[in-house]
Structures are given as C-alpha cells and as structure tokens.
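Chemist: coords below, sequence missing:
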DNA sequence: TGTCAATTGTCAGTGACTGTCACTAGCCTC
DNA sequence: GAGGCTAGTGACAGTCACTGACAATTGACA
C-alpha cells in the first residue's frame, strides 16, 4: 500500500479537472453547444489527451454517475441473505442514496452532480447512453440476485425479469425527480421509496379496487 | 383519396431503397464499418439527400422498427375497455406480433428485419438509441393507459410505473430472443407470452414458495 | 409550353474521433 | 545526481457524420 507517485497524482488531477470543467460547461451552456476543444482549452491539455482519458465526449458526462452505480452494487452485495430479491434491491438503493453525498463531493460539488443528472435526462444523446449503461448494470444486478437465490441466470428468467421491472421503476423515478421542483438528494430518496411501493399494486388485474 | 403522383412515389422509392440498402450493409459488415457514403453510392443519391430523409445514420437503422411500434400503439388503442391495463398491453403486443409480418415485407424482407433487430441489440450505439426510443414510446403508452382508466398521468404514478415494468420485461424478452437460436417471429411471440406471465410471481416477497 | 415549387446535388465547413510519431518528464538504477 | 527507460503528452494529418447555402434539376399544373 504505497501512496501514489507524482505521475499518478498528476494523472488523477487532470482527470478530475477534465470531469469538473466538462460538467460545468455542459450544465452551463448545454452538452451539444460545448465542444471538446472548449473543455481542453480550459484545462490546458491537448484534445488528444482528453480522448486518452475518456473514450468519447459522452463518457465524461457519466464519470460521476459511475461512482453512484458502484455504490449501489456494493450495497446490494451487503444485503442480508434472508431478504427476498426485491426487498434487497429496494433497500440497497435506499441505503446507497443515504451515503452517496460524501463520495461525490471529492470530485465535484454535489450541486453540480444534481445539475448534470438533469442534463443527462434532458439531452437525448446522453439519455440514450444513460439507458444503455443502465441495462449493462441490470445484467450485473441480475447476476448478484441469481447468486443470492442460488439460481442459474440462463435457466431461470426470474432474476432478469425482476431486475428489469425494478430498473424500469427506478428510471421513471429519476425522470420525474428531474422534472419536479424539489431537486435534493432527500427528494429522490423519498420518491424512490414511494414508487417502489407502488409497483406490486400496479400489476394487479384491476386498479379500480385499490385506489 | 387521390393516389400519389410521380414525385411522391419517387420519394417513397428512394426512402425505401436507402432503408433496405442500409440495413443490408449494416447487417452484412456491421453498423460502424458502414459509412453513409457507401449507402448513398449504392443507391446513387448524394449524401445530402440521405440526410434529408434521415436525420442521422442511426435513424435509418430504426425505419422498420418504427412501423412495428406504430402497430403496437394501434393494437393497444383497439383493446376493449373492460381489460385491465396490464392485460391490455399484454394482448396488444401479442396481437401486434401476429400481424407484423405483412407490414414489414412491403419495405424489406422479414429475414432482413430479424437480422437488423439483432444488429441493434449488439451494437452499443444503436442499443442506446433503441432504449431511448423505447422510453419515448413508454410515455405514449402511459398516456393511453391513463386515458383508458380515466386517470391523470401527472397526478397518479401508476400508469407510468406499470408501463415501465411492462417495457422492462419486453426489453429483456427481445434481448434473449436475439441471443437464442430460434429467431423466428413465432419464437418472439411465444417468449413474450411466457415472460409476461412471469412478471407477477417475480415480484412476490419470496421466490422459494413458487418454483 | 412555360412557370412555379419541390427536390436534389455541389461545395465548403464544423466537430468528434483516431493513428502516428516526436518529445517531455517522472522514475529508477548505478 | 547523471543518464537511460518509459508512461504520458502534444502536434499533425486524416476520416467520418452532419449542416448551411446556393445552384441545378425536375415533377406539377395552369
């Protein structure tokens, strides 16, 4: 466990700076109206360097989101085995939202993360990538669920189905949060809880019995 | 109801040709390895004309998919009002799959459609767009469901939640179909039916009671 | 047939991204 | 602490998707 050398620290600093400046420009003037050249000019590196850190202009927009996702996966892995699959996922998101603020702030201000989340939701090109990334994570989650339940992911469709339904609701939650007025971490946590509780009843044969 | 003039027919022919040639090239040599120039050279129009018909290279890949979606929306609109929301969606997909072959063949061979569906699923850039398009359609569907049930889409989250869960399962179905061996229209119809039937039980508190 | 309007082609330009190669600067050895 | 090694960077040229502007063409229709 040796602390990283100067070279390594410089790299991390460049990467964080590119991330922060990119998100600032994106949220200030829009993703499409921001060129990679603007970003690299502000950080004073060459365009080529930018593309060595991020494989595309899109990727830098998800640098922080990436951390959030890793946190959820960790939380899910730590859920007690007694919990059913759906409760485990539900509790993992909620616990992830509780501790996410600290991790983010090391790279960008929380407020900038919140704004960039909305930018992703409202920029078609980024929304598309966001959704694809989500499905990639669904596959990861389905694997964890299958293992928890001792099931074969390719023989039993239930893990993927449950995760797909769960993620669908999570996505709607994120969308509505972005559109709403209370754009705090607490708000999205509360929405998450509320909407997940609606899922079971929503699948009932008729909604007219249970308003 | 006058039949279209020469100009209109020519336009339709150009558009269909661009679609067919594009899908053929995409499926034969891959989406990314196909340039727009190759497509327009084969059809003998200018690149500028291509971009007047399709706003992007991605869009042409979804020209057929678009028809399928419209068919589903039509089918959903014709479901009897007595059906619950979930049954209406379920039966609309199934009925759509039953009649889709005829509509597609007017533009491209069915077999080419099947291959291009798999290409979309296996090309990250296209998968991303596909998912975004799906969410756009979810919004449409949620509107229809809300109207059927006499609900306010923004006051009651249940339409969006039900549609999100439904679409999640549909997406998994499509993915597994693309990966499987039986790549026929009948196969995806059967998978659709089977997986939708799994959704309710998958949300049960414990899976251990009902294998 | 000639005029109008829709459609297309040409051309020049922007922006994302890649390969190549020379160069700079941490790092490590002696 | 001088010098070689190598990871990381910059400069440059090139490809490809896409756009705006304007000229050329071709159905439509009087």
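Modeler: That came through, no problem. All values derive from a computational prediction rather than experimental measurement. Numbering: from 1, shown residues only, chains lettered A, B, ... in the order given.

Chemist: Regarding the spatially most central residue of chain A, what is its secondary structure?
Modeler: Nearest to the mean C-alpha position of chain A, counting by C-alpha atoms, centre = their mean, stands residue A:65 at 4.2 Å. Secondary structure for residue A:65, judged by DSSP: H, G, I helix; E, B strand; the rest coil, is helix.

Chemist: wouldn't residue A:118 be in contact with residue A:178 here?
Modeler: Yes: here residue A:118 reaches residue A:178: they are 4.5 Å apart, a contact under C-beta atoms under 8 Å. Backbone N, C-alpha and C define where each C-beta goes, glycine included.

Chemist: which residue does chain A bring closest to DNA strand C?
Modeler: Relative to DNA strand C, the nearest point of chain A is residue A:5 (2.3 Å; C-beta to the nearest atom of the strand).

Chemist: Burial check on that residue, number of neighbours?
Modeler: 9 (other C-beta atoms under 10 Å in any protein chain shown).

Chemist: follow-up on the earlier one: list the residues that contact the residue nearest to the centre of chain A.
Modeler: A:117, A:120, A:130, A:133 (C-beta atoms under 8 Å, 6 or more residues apart in numbering or on different chains).

Chemist: tell me which parts of chain A are close to DNA strand D?
Modeler: Residues of chain A found near DNA strand D (C-beta under 7 Å from any atom of the strand) are A:7-8, A:10-11, A:14, A:44-49, A:52-53.

Chemist: how about stretch A:19-31, does it get close to DNA strand C?
Modeler: No: contact of stretch A:19-31 with DNA strand C (C-beta under 7 Å from any atom of the strand) is absent, the minimum separation being 8.8 Å.

Chemist: as a whole number, average confidence for that stretch?
Modeler: The average pLDDT for stretch A:19-31 rounds to 96.

Chemist: do stretch A:169-180 as well
Modeler: 81.

Chemist: swap in stretch A:41-53?
Modeler: Averaging pLDDT residue by residue across stretch A:41-53 gives 96.

Chemist: okay, how far is it across it, tip to tip?
Modeler: Taking C-alpha to C-alpha, to the nearest Å, stretch A:41-53 runs 15 Å from one end to the other.

Chemist: Can you give the contact residues for it?
Modeler: Counting by C-beta under 8 Å, 6+ apart, A:14-15, A:17-18, A:21, A:25, A:36-37, A:39-40, A:60 sit against stretch A:41-53.

Chemist: rerun at 10 Å
Modeler: A:11, A:13-22, A:24-25, A:35-37, A:39-40, A:56-57, A:59-60, A:63 (C-beta atoms under 10 Å, 6 or more residues apart in numbering or on different chains).

Chemist: quick one: contacts for the residue lying closest to residue A:184 once chain neighbours are set aside?
Modeler: Nearest residue to residue A:184, sequence neighbours excluded (C-beta to C-beta, 6 or more residues apart in numbering or on different chains): residue A:114, at 7.8 Å. Neighbour list for residue A:114: A:27, A:104, A:177-178, A:183-185, A:187-188 [criterion: C-beta under 10 Å, 6+ apart].

Chemist: ChimeraX command for the buried members of those residues?
Modeler: Buried subset of those, written as a ChimeraX selection, criterion 16 or more other C-beta atoms under 10 Å in any protein chain shown:
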select /A:27,104,177,178,185,188
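
Chemist: how is chain A carved up into domains?
Modeler: Per automatic domain parsing, the structural domains of chain A span A:6-57, A:62-202.

Chemist: what's the most buried one of these?
Modeler: domain A:62-202 (a mean of 18; mean count of other C-beta atoms under 10 Å in any protein chain shown).

Chemist: Return the distance of that one from the chain's centre.
Modeler: 6 Å (C-alpha atoms, centre = their mean, to the nearest Å).

Chemist: how about residue A:190, secondary structure?
Modeler: helix.

Chemist: closest to residue A:166 among the residues of chain A next to DNA strand D?
Modeler: Set against residue A:166, the nearest of the residues of chain A next to DNA strand D by C-beta to C-beta is residue A:53 (32.5 Å).
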